[in-house]
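1. this one's sequence-less:
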Ligand code: PEP
């Protein structure tokens, strides 16, 4: 039997109080989402709004980043403890935009995952290769090194407490989606690697696919044995598209 599917929207730096209200209320009141888990990762500023509008429904909310520090003189940063004040369920770490635009190295991503676990927030650890790396046959190697840096920080004993998102960098925001077979190949590889460390964790680990998932590409991706849902960027800003994708995951 497949694991319970999880579909997470990543709003990135988009939204406004008025636009969000319609989107959040639409999600909160939507039916057909009982059989899966759904969450939206919103800009920090809108966490209070997400909590207010989603609290009575079945959709969770999360953050897109977290500081590697607990508190102190780190202007502009937000700690895990602050996220807990807003009852977030998830936090993204290692999104490729943070890795590339903000030069976040593997070790930092691991530390951020650990910081989230310390406050009982589930890290969604993003991994994925660039087009050059794929063409050079380095996909498994890159994904492994990103993943191993996280295990080094959180410990094998915490493998059962994270979600992984495989997001090929060449597919994010580009309109190019990995084929279902390409996604399955990497998802299967990740699960095999986890199984070498902890068989039970590998069985329950949710591995999401992300990268230009749209209503017309979601179904075949979600049908793959080791694809347990999706991390959805652009399409999560459109209520109808996001709900369609969510329902296709069940
Ligand atoms: C993402 O931001 O994680 C993502 C997958 O974006 P998009 O769906 O727009 O490619």
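-> Okay, I see it. Just so you know, these numbers come straight off a predicted model, no measurement behind them. Numbering: from 1, shown residues only.

2. identify each buried residue in the longest helix anywhere in the chain, please.
-> Ranked by residue count under DSSP state H, the longest helix found in the chain is helix 180-197. For helix 180-197, burial by neighbour count (16 or more other C-beta atoms under 10 Å) applies to 180, 182, 183, 184, 185, 186, 187, 189, 190, 191, 193, 194. All C-beta atoms are positioned from the backbone trio N, CA, C, and that covers glycine.

3. pipe the residues you listed into a markdown table and attach pLDDT and distance to the ligand per row.
-> Converted to a markdown table, the buried residues of helix 180-197 look like this (pLDDT from 0 to 100; distance: C-beta to the nearest ligand atom, whole Å):
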| residue | pLDDT | distance to the ligand |
| --- | --- | --- |
| 180 | 97 | 16 |
| 182 | 97 | 15 |
| 183 | 98 | 12 |
| 184 | 98 | 17 |
| 185 | 98 | 18 |
| 186 | 98 | 14 |
| 187 | 98 | 15 |
| 189 | 98 | 19 |
| 190 | 98 | 16 |
| 191 | 98 | 20 |
| 193 | 97 | 21 |
| 194 | 97 | 21 |
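
4. neighbours of the nearest residue to residue 70 once chain neighbours are set aside, how many?
-> In space, and not counting its chain neighbours, residue 70 is closest to residue 79: 5.6 Å by C-beta to C-beta, 6 or more residues apart in numbering. Other residues within reach of residue 79 by the criterion other C-beta atoms under 10 Å amount to 18.

5. contacting residues for residue 79?
-> The neighbours of residue 79, taking C-beta atoms under 8 Å, 6 or more residues apart in numbering as the test, are 66, 67, 69, 70, 71, 115.
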